[in-house]
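Enquirer: structure of the sequence below:
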Amino acid sequence: MQKIFTEDLSVQVKEIFADMPKELTIALFVDKNGCETCEETKNYMNEVAELGEKINVEIYDINDDSALASEYNVVMVPSIVLLDSNKDYHGVKFNGISLPIRNMSIEKLLSFYMGKNTPSRQEFIINNLKVELDIIEEAE
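Expert: Below you'll find the predicted structure:
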């Protein structure tokens, strides 16, 4: 399996994770019957966990563990649910797929996410993209 993080990035992430005061559980929901990106996401989450002593990964099947998936409002795979040191859920969840974005241009990335939208719709999306910095500046 090819590593996702470069050695330099791994060192930086390890330093950040070393300062974590409490444990964090990554609950990853996959579909064992088929999911195009579940295996890649599982490898990625396991690699993240290897970088921090207080990070644990638990893998669940959306079908076999449907009650738990329902509790966390998981409706698609892969889904990543973050749980605190008591394994309580506070609403932090990531849904969807991962992409090999290392060498992907912004145009290709946007094209992937926007699909076959019309040019005017694509322009609207691009012009209305917000990043966290935009939101912070608007709040001030």
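Enquirer: from here on, contacts and neighbour counts on C-alpha atoms
Expert: Fine.
Enquirer: tell me which residue is most central in the protein.
Expert: Centroid-nearest residue in the chain, with CA atoms, centre = their mean: Phe94, separated by 4.9 Å.
Enquirer: so that one, which of the three states?
Expert: strand (DSSP: H, G, I helix; E, B strand; the rest coil).
Enquirer: that one pairs with what?
Expert: Beta bridges link Phe94 to Ile80 when assigned by DSSP bridges.
Enquirer: which stretches of this structure aren't confidently modelled?
Expert: Judged by pLDDT under 70, the chain has its weakly predicted residues at 1, 96-118, 121-122, 124-126, 128-140.
Enquirer: returning to what we had before: touching, the residue nearest to the centre of the chain and Val81? I think so.
Expert: Yes. Between Phe94 and Val81 there is a contact under CA atoms under 8 Å: 6.5 Å.
Enquirer: sorry, back to before: and the residue nearest to the centre of the chain, what does it touch?
Expert: Going by CA atoms under 8 Å, 6 or more residues apart in numbering, Phe94 touches 79-81.
Enquirer: domain ranges for the protein?
Expert: For the chain, automatic domain parsing gives the domain ranges 7-95, 106-139.
Enquirer: now, of these, which is deepest in the fold?
Expert: domain 7-95 (a mean of 16; mean count of other CA atoms under 10 Å).
Enquirer: endpoints of that one, how far apart?
Expert: 27 Å (CA to CA, to the nearest Å).
Enquirer: turn the contacts of Phe94 into JSON lines, columns for distance to Ser70.
Expert: Listed next are these as JSON lines, based on distance: CA to CA, whole Å:
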{"residue": "Ser79", "distance to Ser70": "12"}
{"residue": "Ile80", "distance to Ser70": "14"}
{"residue": "Val81", "distance to Ser70": "12"}
